[in-house]
Structure formats: C-alpha cells, structure tokens
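Undergrad: Need coordinates for the following:
(one chain, ligands or ions: 1)
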Amino acid sequence: MKKVITYGTFDLLHVGHINLLRRAKELGDYLLVCISTDEFNAIKNKKAYYSFEDRKKILEAVRYVDEVIPENTWEQKIKDVQDNDIDVFVMGHDWEGKFDFLKDYCEVVYLPRTEGISTTKIKEDLGLGEQK
Ligand code: C2G
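TA: Coordinates of the predicted model:
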C-alpha cells in the first residue's frame, strides 16, 4: 500500500484544499493528513475560524482522506514519515523546497496551488477582518 502524507491548517475548507487532497490521494492508496492544532497555528501566526476538533471532523468527511492526526510542531515530519511508513510527502508549491530534507525518507512532491482562492481571501471577502 502506497502511503501519502500532507500537512496544513485546512480552515474554512475550500476547493483549493480539495484539489490538493484529491491530487495527493491520486499519488497513492492511503492519505494521512496532519492538521495543525490551534496551538501550532499560533506558532504559525495563524488563527483558524474553526477549532482543531471541527477542522479534523470536516477533513475526516472528505472522501480522499483516510486518516487525520494532529500537527503540533515543525519538527515532527521525519518521525511522522517513519512511524507511518510514508512513501510520498505532498505540499502545495507555496512550500517548494522547504521540506526537501524529507527526500532522505520519502518522495517529496510540491503540487501547484489552486489560484484565486484562499482562507485569507474568504475572510477578507466576508469582512471577517485582518485575522489570518
Ligand atoms: N492550498 C492549495 N491551494 C490553495 C490554498 C491552499 O493548494 N488555493 C494547499 C497549500 O499549499 C497546502 C494545503 O492546501 O499544501 C493546506 O493549506 P493551509 O491550510 O494554508 O496550510 P499551511 O498553513 O500552508 O500549513 O507544516 C506545514 C504547514 O502546516 C502548512
């Protein structure tokens, strides 16, 4: 079984996230998503609209997603890849190059982002203020 992993906040789930998840799943048979906890989001200087629990429930309902676990730190990726026997690490290309250290442990794939949509844009368009 070919296992794929990806990471993110996935707040206000939108078509850009779905496109990423769909393409990530197409690279294997099993997709593990590590979703940023509210505490880790604070480290990323992000404030999600939905709580970790709600974002996790929403992601678990997506047909491409097989399992969702928490992302608590920047440093957990190597252990996650090893502990879960991951074959492919996937991120949107806004992260291009940032996780190349994982090439020692698995394939690393950066996929083109979906243009014109982002959680930040949704919040701005809805007048939800400057919260990122
Ligand atoms: N994404 C995309 N197209 C968009 C928006 C997001 O392809 N229009 C992708 C991002 O590139 C990322 C994933 O969807 O791969 C999740 O995006 P975010 O929730 O914004 O995640 P991010 O804050 O980038 O967290 O350790 C890694 C971090 O947790 C990544």
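Undergrad: Can you tell me, leaving aside adjacent residues, what's nearest to residue 69?
TA: residue 34 (5.5 Å; C-beta to C-beta, 6 or more residues apart in numbering). For the C-beta atoms, the positions are set from N, CA and C on the backbone; glycine is no exception.
Undergrad: Now that neighbour. Its backbone dihedrals?
TA: phi -100, psi 110 (degrees, to the nearest 10).
Undergrad: So which bits of this protein are right by the ligand?
TA: When proximity is defined as C-beta under 6 Å from any ligand atom, the chain approaches the ligand at 7-10, 16-17, 20, 36, 44, 46, 71, 91-92, 94, 113-114, 117-118.
Undergrad: Taking this protein, what residue is nearest to the ligand?
TA: residue 92 (1.8 Å; C-beta to the nearest ligand atom).
Undergrad: tell me the contacts of that residue?
TA: Contacts for residue 92 (C-beta atoms under 8 Å, 6 or more residues apart in numbering) come out as 16, 20, 110, 111, 112, 113.
Undergrad: Which residue ranges of this protein form strands?
TA: 3-8, 30-36, 67-71, 88-92, 107-111 (DSSP state E).
Undergrad: Can I get the ones you listed in a markdown table including mean pLDDT and distance to residue 55?
TA: Conversion of the strands of the chain to a markdown table gives the following (pLDDT from 0 to 100; distance: least, C-beta to C-beta, whole Å):
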| stretch | mean pLDDT | distance to residue 55 |
| --- | --- | --- |
| strand 3-8 | 98 | 9 |
| strand 30-36 | 98 | 6 |
| strand 67-71 | 98 | 9 |
| strand 88-92 | 98 | 17 |
| strand 107-111 | 98 | 20 |
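Undergrad: re earlier: which among the residues of the chain next to the ligand end up buried?
TA: When burial is judged by neighbour count using 16 or more other C-beta atoms under 10 Å, the buried members of these are 7-10, 16-17, 20, 36, 46, 71, 91-92, 113-114, 118.
Undergrad: Now compare these and name the two farthest from each other.
TA: Using C-beta to C-beta, those span at most 21.0 Å, a distance reached by 71 and 114.
Undergrad: That's all I had, so thanks and see you.
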